[in-house]
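> Need the 3D shape of this:
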Amino acid sequence: ERQTRFFLLNNLIWVWNGQRADWYVGDDMYDIISADVYVDTGNQNSQINTFLQMKSISSQKIVAMSECANSPNPNFMLRDKAMWSWFGVWCGEYIMDSSGKLSEEYATKRQLIDAYSHENVITFEQLPDF
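This is a model prediction of the structure:
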């Protein structure tokens, strides 16, 4: 309400991150449905079950993995047709140790490089300038 009526912003993309069907706000309230995925730490599968859960809440919306402990493997995403529109490894201990260096507790350096350099993954640097 504040953003659209008071500030008159009409170019916002609304992301609903409710994670459970009983928290659902309705399709008219958002553009993208998302989930935080912290299960299966160390497992870089496609997270197909969470993807399907989000699709069961709304089959009409784009699905995102808004936060995760470790990135899904793009090859498994393709195999399972779990096409997350984006995924983002959460900060802090999920990516860095207490000294600020890469932590490999949740994902190895190789896993991160493979995920973010996969031919079907677009990183921020690859987005066109607007």
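> which SS class is the most centrally placed residue in the chain?
Centroid-nearest residue in the chain, with C-alpha atoms, centre = their mean: residue 65, separated by 2.0 Å. When classified by DSSP: H, G, I helix; E, B strand; the rest coil, residue 65 comes out as strand.
> State the pLDDT value of it.
With respect to pLDDT, residue 65 has a value of 95.
> Could you list the paired strands of the least confident helix or strand in the chain by mean pLDDT along with their orientation?
Of all helical and strand segments in the chain, the minimum by mean pLDDT, DSSP states H and E falls on strand 87-89, at a mean of 90. Strand 87-89 has the following strand partners under DSSP bridges: strand 62-68 (parallel).
> Strands of the protein, start to end?
15-16, 32-37, 62-68, 87-89 (DSSP state E).
> Buried ones in the longest one, by neighbour count?
Read that as strand 62-68. 62-68 (16 or more other C-beta atoms under 10 Å). The way it works is simple: take the backbone N, C-alpha and C, and place the C-beta from them, glycine included.
> Keeping just the C-alphas, turn that strand into CSV.
What follows is strand 62-68, C-alpha atoms only, in CSV (Å, rounded to 0.1, in the frame of the first residue of the first chain):
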residue,chain,number,x,y,z
ILE,A,62,7.7,-17.9,-11.1
VAL,A,63,9.5,-19.9,-8.3
ALA,A,64,12.7,-18.8,-6.6
MET,A,65,15.0,-20.2,-3.9
SER,A,66,15.4,-16.9,-2.0
GLU,A,67,17.9,-18.2,0.5
CYS,A,68,19.9,-21.5,0.7
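> That strand to strand 32-37, inter-axis angle?
30 degrees (axes from the mean of the first three to the mean of the last three C-alpha atoms, to 10 degrees).
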